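J.: only geometry, no sequence info:
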Ligand code: CAA
């Protein structure tokens, strides 16, 4: 598929997807969302890709949903096209997904970053939910993912004031893994992706699933699910390879089987 609003670069075992509507600060139009979620579905199905970096490039991550597209929509329009529901393939992406954020990650842009598994932020990055200034609230998970990751009070602050947080503050709150000089954001995220891509992919997938379960399930259910995945991995060739490679003092070669 040829893309107009994103760039997809595969350098197996990783891929980098770049949002590419610079004139409107990567505003998340329906066409961009369609292209991004289609690209992610393809990358999820591509066995040569084991981890993905999602970025907006050097200057901006994304300034949110496309306000021009939404301004005159009715509630019925919004409900029937369910634009925020269209993010499901991103939230449900099975492989490790790392956001590389420079500049603004606002509104839907911030929510997209929060749907990723790790976030590398450039020193210039700003994370915020300014929807309140537009008479709406976040609609792609912000009101749920912020309190679950940064806590109630930081969540209230970003939702109610609409003011963005610096990369450093986001790091202190635990929603950013690393803060790096802006020019290093993408290389550092790609380095992390390569590090993850060396791991046995089924174990990576199950680890991701298990951690995400902690946000959804009561503890007993999460622990039961973790245990089943743990036992299941003993049915994989990669578990045998990983443990024998350790015992034989060599580096494991993992096939995702
Ligand atoms: N939608 C559409 N266009 C946008 C946009 C958006 N979210 N954000 C920026 N743009 C456009 C601007 O209209 C402008 O276009 P023109 O050059 O044609 O005028 C261009 O991008 C550059 O923007 P600015 O001139 O405003 O740049 P700036 O550096 O002065 O300010 C900014 C940057 C603070 C990010 C400012 O653009 C801004 O506040 N943008 C809107 C942020 C926002 O409210 N996001 C939430 C959207 S709602 C949402 O996301 C809902 C949801 O949860 C799903």
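T.: The structure has been received and is ready for your questions. Just so you know, these numbers come straight off a predicted model, no measurement behind them.

J.: Can you name the residues of this protein that neighbour the ligand?
T.: Residues of the chain lying close to the ligand (C-beta under 6 Å from any ligand atom) are 24-25, 27, 63-68, 84, 104, 106-108, 111, 130-131, 134, 138-140, 142. Quick note: C-beta positions are derived from backbone N, CA and C, even for glycine.

J.: Mind checking which of those residues land in strands?
T.: Among the residues of the chain next to the ligand, the members found in strands (DSSP state E) are 104, 106.

J.: Give me the subset of the residues of the chain next to the ligand lying in helices.
T.: Counting by DSSP state H, the residues of the chain next to the ligand place 67-68, 108, 111, 142 in helices.

J.: and those, which two are the farthest apart?
T.: Greatest spatial distance among those (C-beta to C-beta): 68 and 142, at 20.5 Å.

J.: Compare these two (neighbour count), which wins?
T.: residue 142 (22 against 10; other C-beta atoms under 10 Å).

J.: Now do the same contact list for the more buried one.
T.: Residues near residue 142 by C-beta atoms under 8 Å, 6 or more residues apart in numbering: 107, 110-111, 114, 129, 131, 159.

J.: Please enumerate residues in contact with stretch 175-185?
T.: Identification of contacts with stretch 175-185 by C-beta under 8 Å, 6+ apart yields 55, 58, 100-102, 114, 118-125, 127, 146, 149-150, 167-168, 170-171, 188, 192.

J.: Give me the buried stretch members for that stretch, please.
T.: For stretch 175-185, burial by neighbour count (16 or more other C-beta atoms under 10 Å) applies to 175-180, 182, 184-185.

J.: Let's have the residues you listed in CSV, adding pLDDT.
T.: Listed next are these as CSV, based on pLDDT from 0 to 100:
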residue, pLDDT
175, 96
176, 98
177, 98
178, 98
179, 98
180, 98
182, 98
184, 98
185, 98
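
J.: among those, which are in helices?
T.: Applying DSSP H to those, the entries found in helices are residue 185.

J.: In the buried residues of stretch 175-185, find the pair that's most separated.
T.: By the measure C-beta to C-beta, 175 and 184 form the most distant pair in the buried residues of stretch 175-185, at 19.0 Å.

J.: Next, count neighbours for residue 134.
T.: If you count neighbours by other C-beta under 10 Å, residue 134 ends up with 14.

J.: check contacts around it.
T.: The neighbours of residue 134, taking C-beta under 8 Å, 6+ apart as the test, are residue 67.

J.: Check it and give its pLDDT.
T.: Listed pLDDT for residue 134 reads 98.

J.: One more: residue 81?
T.: In the prediction, the pLDDT value recorded for residue 81 is 89.

J.: What strand or helix carries residue 170?
T.: Assigned by DSSP states H and E, residue 170 belongs to helix 167-172.

J.: Which residues does that helix contact?
T.: If you take C-beta under 8 Å, 6+ apart as the criterion, helix 167-172 is touched by 101, 119, 121-127, 150, 176-179.

J.: Drop anything exposed from those.
T.: Among the contacts of helix 167-172, those classed as buried by 16+ other C-beta under 10 Å are 101, 119, 121-122, 124-127, 150, 176-179.

J.: Counting neighbours, which bits of stretch 73-85 end up buried?
T.: 83-84.

J.: Repeat that for stretch 131-143.
T.: 131, 138-143.

J.: what does stretch 192-211 give?
T.: The neighbour-count check on stretch 192-211 (16+ other C-beta under 10 Å) flags 192-193, 196-197, 199-208, 210 as buried.
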